[in-house]
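A.B. asks: Predicted coordinates and the sequence they were generated for:
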Amino acid sequence: MSLTFGLPSSSTYTFSGISDTIITLTGPNSPFTVWDQPGSVEPKPTADNDTNSPLLFQVYSKNLIQASQVFKAALTGGWKESSPGDVVNSNGEYMINTKGWDPEALSITLNAIHGRTKAIPSTISLKMLCKIAVLVDYYKLHDALSFFASVWIKTLHDSLPICYKRDLILWICVSSMFGNVTILESVTKIAIKESPEKLQTLGLPIPNKISVNYHREKLFKQLTNLLDKVKEDLLEDIGGCSFECRSLLLSALTKQMYNRGYSYLGTTYSRVSASDTITKMGELHSPSKDWHKPSLRKCNTCKISLPGLLAGPLEEIANSICRLGLEDSWDGMEYGKLKKEERA
């Protein structure tokens, strides 16, 4: 366990000169965002606490109540994790029990709640920011942490991922939690294009309205419909220069759709990304038209190919992802609120 910024090395931490409440943290450092990715060399996170002893955080109830309705309920009754009216010592301190949090993330959060700005780091890791985002979601601390989050996000902005990996999921959580629409739109588009599977939420509080899986399914359906449309056109003598030409193209397309499983893209699409599928569809093999000489003299000079028939529609489908915005999956009120929060 690593605690920084002048915090004592003992198991009790104080955040206010006036403290009347003790938060007891048991089972600190529970495994966080375990990445279940076949073939991944990234080790799975494990609990790094070396003791089962609880950690105690001495805090001031007034600050907690002002910062969070959840803490207010904990301190005034009506919350299962509180013991209102119970004292833990002769000073009459209230008790709140919690478990599993990262002690450093909880410490940073409590420092923010108590206005101890000098104890708050100007830079933190993406993983630590995501841990704080989970605390913000659980205890409803958006107002108390929004300023600090905006500073941390700016320092981490250059590390935004461009492919599907664990950090991408962390960014989806962080940007949605703190209302950064620009980053959220960017990372969700990457997830839609590059994810080889249904989105792993990693147990993070990612809103259901960020419908990455829905748009990913929709994208694969568009690709399947495109292949079916090209097949239908060839059957109806649209495209190609002759009966023989269309027959060759149709046979080649049908065989490759079967061999590559493209007929099932709309239903069974695990372990393949939309981006890779678009690229490979644009590289479908067209049969040579000179092996049957001289009977198909006209076909010998024909330039029509499967990549040529697919190029325009594939580009349009790829561009449709670029045009995708959060308003496509969030209702108007929530999207407008998110945009307003980002501008604030």
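C.D. replies: Looks like it arrived, so ask away. Numbering: from 1, shown residues only.
A.B. asks: any idea how far residue 99 is from the residue lying closest to residue 55 once chain neighbours are set aside?
C.D. replies: Closest residue in space to residue 55, ignoring its immediate chain neighbours: residue 25 at 4.4 Å, by C-beta to C-beta, 6 or more residues apart in numbering. Every residue, glycine included, has its C-beta placed from N, CA and C. From residue 25 across to residue 99, the span is 7 Å (C-beta to C-beta, to the nearest Å).
A.B. asks: quick revisit: which residues does the residue nearest to residue 55 contact?
C.D. replies: 54, 55, 56, 57, 98, 99, 101, 103, 106 (C-beta atoms under 8 Å, 6 or more residues apart in numbering).
A.B. asks: What strand or helix carries it?
C.D. replies: Per DSSP states H and E: residue 25 is located in strand 21-26.
A.B. asks: For the next helix or strand along the chain from that strand, what is the distance to the chain centroid?
C.D. replies: Counting by DSSP H and E, the next helix or strand C-terminal to strand 21-26 is strand 55-59. Centre-to-centre, strand 55-59 and its host chain are 32 Å apart (C-alpha atoms, centre = their mean, to the nearest Å).
A.B. asks: Over to stretch 210-224?
C.D. replies: That offset, for stretch 210-224, works out to 16 Å (C-alpha atoms, centre = their mean).
A.B. asks: buried stuff in it?
C.D. replies: By neighbour count with 16 or more other C-beta atoms under 10 Å, stretch 210-224 contains the buried residues 210, 211, 212, 215, 216, 217, 218, 219, 220, 222, 223, 224.
A.B. asks: Could I get the full set of strands for this structure?
C.D. replies: 12-14, 21-26, 55-59, 94-99 (DSSP state E).
A.B. asks: Neighbours of the residue lying closest to residue 75 once chain neighbours are set aside, how many?
C.D. replies: Nearest residue to residue 75, sequence neighbours excluded (C-beta to C-beta, 6+ apart): residue 61, at 5.1 Å. For residue 61, the neighbour count with other C-beta atoms under 10 Å is 20.
A.B. asks: distance of residue 61 from residue 114?
C.D. replies: Taking C-beta to C-beta, one finds residue 61 at 11 Å from residue 114.
A.B. asks: I'd like to know how many residues surround the residue nearest to residue 195 when sequence neighbours are not counted.
C.D. replies: Nearest residue to residue 195 in three dimensions, chain neighbours excluded: residue 164, at 4.7 Å (C-beta to C-beta, 6+ apart). Using other C-beta under 10 Å, residue 164 has 21 other residues around it.
A.B. asks: what do you get for the one 4 residues further on?
C.D. replies: As a burial measure, the neighbour count of residue 168 was computed by other C-beta under 10 Å and equals 21.
A.B. asks: That one against residue 187, yeah?
C.D. replies: Yes: between residue 168 and residue 187 a contact is recorded at 5.6 Å, counting by C-beta atoms under 8 Å.
A.B. asks: residue ranges with poor pLDDT in the stretch 51-200 of the chain?
C.D. replies: Applying pLDDT under 70 to the stretch 51-200 of the chain flags the ranges 51-52, 77-91.
A.B. asks: Which parts of it are helices?
C.D. replies: Counting by DSSP state H, counting those that start in this stretch, the stretch 51-200 of the chain has helices at residues 61-67, 69-76, 103-113, 126-139, 142-156, 166-177, 181-194.
A.B. asks: so how many other residues sit close to residue 118?
C.D. replies: Neighbours of residue 118 (other C-beta under 10 Å): 8.
A.B. asks: Distance check, it against residue 13.
C.D. replies: 15 Å.
A.B. asks: Residue 241 touches residue 305, doesn't it?
C.D. replies: No: using C-beta under 8 Å, residue 241 is not in contact with residue 305; the gap is 11.5 Å.
A.B. asks: what residues are up against residue 313?
C.D. replies: Counting by C-beta under 8 Å, 6+ apart, residue 313 touches 226, 229.
A.B. asks: likewise residue 105?
C.D. replies: 128, 131, 132, 134, 135.
A.B. asks: Closest one of these to residue 245?
C.D. replies: Nearest to residue 245 among those: residue 134, at 59.0 Å, using C-beta to C-beta.
A.B. asks: Verify the contact between that closest one and residue 202 for me.
C.D. replies: No: between residue 134 and residue 202 there is no contact under C-beta under 8 Å: 10.4 Å.
A.B. asks: quick one, what contacts residue 272?
C.D. replies: Each residue near residue 272 by C-beta under 8 Å, 6+ apart is listed here: residue 196.
A.B. asks: mind running it again at 10 Å?
C.D. replies: 195, 196, 197, 220, 260, 261, 262, 265, 280 (C-beta atoms under 10 Å, 6 or more residues apart in numbering).
A.B. asks: so can I have a markdown table of these showing distance to residue 157?
C.D. replies: Shown next, in a markdown table, are those (distance: C-beta to C-beta, whole Å):
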| residue | distance to residue 157 |
| --- | --- |
| 195 | 22 |
| 196 | 26 |
| 197 | 27 |
| 220 | 31 |
| 260 | 38 |
| 261 | 38 |
| 262 | 38 |
| 265 | 34 |
| 280 | 32 |
